[in-house]
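**Q** Predicted model follows, preceded by the sequence.
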Amino acid sequence: MPDPPHRRRAHARSSDLERYAGLFAERTRVMRSSAMRDLMAVTARPDVISLAGGLPDTSTFPPQTFAAQMTRIAQESAAEALQYGPTEGFRETVDCIVEVMGAEGMLPDPEDVIVTTGGQQAIDLICKALVDPGDAVICEAPTYPGAIPVFCSYQADTIQIECDGEGMRIEELEATLERLDAEGRKPKLIYTVPSFQNPAGVTMSLERRRRLVELARSRELLVVEDSPYGLLRFGGEALPPLYQLDGGDFVIYIGTFSKILSPGIRLGWAVTPPPVMEKVVLGKQASDLCTSTLTQYFVREYFRDGNWREYVESLAVIYRERRDAMLEALAKHFPAQASWTEPEGGLFIWATLPPYIDTSDLLAKALRENVAFVPGQAAYVDGRGRNSMRLNFSAGSADEIREGIRRIGKVVGEQVELYSALTGEATEVAAQPEGAPADEAENVLPFRKAEGE
Amino acid sequence: MKVAVLKGGRSLERGVSLRSGARVEDALGRLGHEVLPLEADGELVKRLNEERPDVAFVAMHGPGGEDGTAQELLEILGIPFTGPGVAACARCMDKVLAKHDLRAAGVPTPDWFAFNETAFRELGAADALGGLEQRLGFPLVVKPSRGGSALGVRFAESWFDVPEALVSAFSYDDRVLLERFVDGRELAVSVLGGEALPVVEAIPREGDSYDFEARYEIGRTDFVCPAQLGEPESAAVIEAALGAYEALGCSGFSRVDLILAADGPQVLEVNAIPGLTDTSLLPQAAEAAGMSFEQLVERILDLALAPASA
């Protein structure tokens, strides 16, 4: 029977796979995959309350606004909107970007901006321009889980610097730079999410922002400031972006419309010094020629209305309520041995459990209660983070968040009790197995203890 | 012939099951069968009743599909199905039950102790752990009793590791076993219709052998088939594997995992429904025996439809 013409013939023999395996590039060996992906696949079941995602809420975007803008594009500029565009992006899109950055006190030169297919592509293109196999790349510990596969695919030697309540520990960064110096190496870039970090929810202090920029300038190092959440602030003082402190010589800025408008339009950007931009543009040409023209037209129309800031503020109100619901539920349902961050913006809370609980295993137990989170290991390259978890508060309703945290609290509580029964020790002072890293017990992030009811 | 392929389900091995199922569907299509892909969800029984397939190919792994649950339903509906029956599935899925049956049948399996979570929570079983050191020694292996893959399996090098390993294992099941660690070569013997296929040896490239990731990823473990074994070794391994297959009442096909130690083979577990993905061991073993994947699938169907034997 002849195969239907459009279908790939399935692999009939495992030697077929071996044949492909011999063709794989070296860089694919370090890409992460399967077990975690299989576990995460289960979190997508419809009956699961997932605090694992990172989805912004798009449900309050007015459908009539969307319809009106797309109609206007169709009527006034169908041919152009359906055409290729410049690799750097349209000047009108860049104007919108300059407006968004202006709202945080930055004034980039439009020539330094490239429109990308989401902020994720910006990370990829910057690494593509800068990183050779074996090059040192520095990031935070924990870091954005989506950046790790990018660093891995360029075969970077990824070095993670601990965070505390004020963000990346600069002394540790300095020590690392000294060590690299001694080895005759220099990191190609220092990647940071300074505001409402994904996953930890912490914000880098002004003092540390200044020191990081000073370090970059004095040592001539490139800092990549990834700032998807900067405008989603619901508490505390607005701090100047690294880009503003530096003026754009040594700080590359990555922004996105994902969290202030829509992740589905896949529109982000990078701002880099001109020599870097030249390479990034070449890289983008090779990757996808240009960012979607249609969605750039959509952003242009949307900004023409002039209401974008109100929409962002309405999102911040929603997220604040959900964050509060999560913090309240954590205090109520998590045991005294747990601690967590209190973000002043963004989408995530980072919770840390006693060192004897592995959150990858805990996820299996949580899934039986139909609730999911991201195990902390996903935010590290080296297996650390085993007793932490990332909790998202932007995607679900306050009620779902309360119920989700109640369920996670239940399984955590059961494991704490079990450990106590196993060791015969009061769980308050959990015994430290010999050789366990000391800093795991008094975790470095500024945690608030559960207060009970 | 109309063949339903049961796949998916709620177990943690859902992803593997979907890959097994898809590959089986492709093969069935090429063999000229009418293929009915069925997600194991709330509609399953209704769909089976509506469609009345001639036979069901069970491509599910882990609790729900490999533990006798789906098989019980298929028996009630009177639909023949591939792989072992209800009782064999239930025994294979529960490592503690399986080990009791293996030992009773004289099949070598490493010494072990099993505990229910309630034993620790309510009966003070922690005090009984003191006997472990002289009975099992260190290192030992801590495993959830029911769990189809290496999820939740930990080594304990010393006392300090045991409570944490137990907490991990109890995340997957309310019963765990602590098993003597046996050092040796890791072998898998696939049994098809009561006959052993060529032995596969798994040689991990890095890390420890109980790495869940490594099992499903190309390039993390080298698989050698047929394994390089001397004549007496090979005979002992196949005898142990067939003994385990029979002791647990398997039929159709199954895969026996064992360790070949200096003093002979030790059976670790029997997988009632081993994976059929691109990287799975049963298809590799069949291939080494000269069977294509289509021939393997056809043979599995024949065994399901044959009058009770094999």
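**A** Now that the structure is in, tell me what you want to look at.

**Q** Just confirm residue A:243 is within a strand.
**A** No - the assignment for residue A:243, made by DSSP: H, G, I helix; E, B strand; the rest coil, is helix rather than a strand.

**Q** pLDDT below threshold where in the stretch 51-200 of chain B?
**A** B:148 (pLDDT under 70).

**Q** Flag every residue of it that's near chain A.
**A** Selection of the stretch 51-200 of chain B residues close to chain A by CB under 8 Å from any CB of the partner chain yields B:117, B:120-121, B:124, B:126, B:129, B:151-152, B:160-164, B:166-172. For the C-beta atoms, the positions are set from N, CA and C on the backbone; glycine is no exception.

**Q** same thing but 6 Å
**A** B:120-121, B:126, B:152, B:160, B:163-164, B:166-168, B:171-172 (CB under 6 Å from any CB of the partner chain).

**Q** Make a ChimeraX selection of the buried ones in the residues you listed.
**A** Filtering those down to the buried ones (16 or more other CB atoms under 10 Å in any protein chain shown) takes a single ChimeraX command:
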select /B:120,121,126,152,163,164,166,167,168,171,172
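
**Q** quick check, nearest of the residues of the stretch 51-200 of chain B next to chain A to residue B:91?
**A** residue B:172 (18.4 Å; CB to CB).

**Q** I'd like to know which of the residues of the stretch 51-200 of chain B next to chain A are part of helices.
**A** B:120-121, B:163-164, B:166-168 (DSSP state H).

**Q** quick one: which of those residues is nearest residue B:53?
**A** For those, the nearest to residue B:53 is residue B:168 (39.8 Å; CB to CB).

**Q** Give me the spatial nearest neighbour of that closest one, chain neighbours excluded.
**A** Spatially, and ignoring its direct neighbours in sequence, residue B:168 is nearest to residue A:361 (4.3 Å; CB to CB, 6 or more residues apart in numbering or on different chains).

**Q** and the one you found, what is it in contact with?
**A** Neighbouring residues of residue A:361 by CB atoms under 6 Å, 6 or more residues apart in numbering or on different chains: B:152, B:168, B:171.

**Q** same check, this time on residue B:53
**A** Counting by CB under 6 Å, 6+ apart, residue B:53 touches B:2, B:4, B:36.

**Q** and it, what element?
**A** Assigned by DSSP states H and E, residue B:53 falls within no helix or strand.

**Q** now do residue B:76
**A** Assigned by DSSP H and E, residue B:76 belongs to helix B:69-77.

**Q** Redo the ones in helices among the residues of the stretch 51-200 of chain B next to chain A as TSV? Include distance to residue A:385.
**A** TSV is the format used below for these (distance: CB to CB, whole Å):
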residue	distance to residue A:385
B:120	27
B:121	28
B:163	21
B:164	16
B:166	22
B:167	17
B:168	15
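
**Q** ok, of those residues, which one's closest to residue A:108?
**A** Each of these was checked against residue A:108 using CB to CB; the closest is residue B:168, at 48.7 Å.

**Q** check contacts around that closest one.
**A** Contact analysis of residue B:168 by CB under 6 Å, 6+ apart lists A:358, A:361, B:152, B:154.

**Q** repeat for residue B:87
**A** Applying CB under 6 Å, 6+ apart, one finds that residue B:87 lies in contact with residue B:249.

**Q** pLDDT at the closest residue to residue A:400 other than its chain neighbours, what is it?
**A** Counting by CB to CB, 6+ apart, residue A:400 lies nearest to residue A:49, which is 5.4 Å off, once chain neighbours are set aside. Looking at residue A:49, its pLDDT reads 94.
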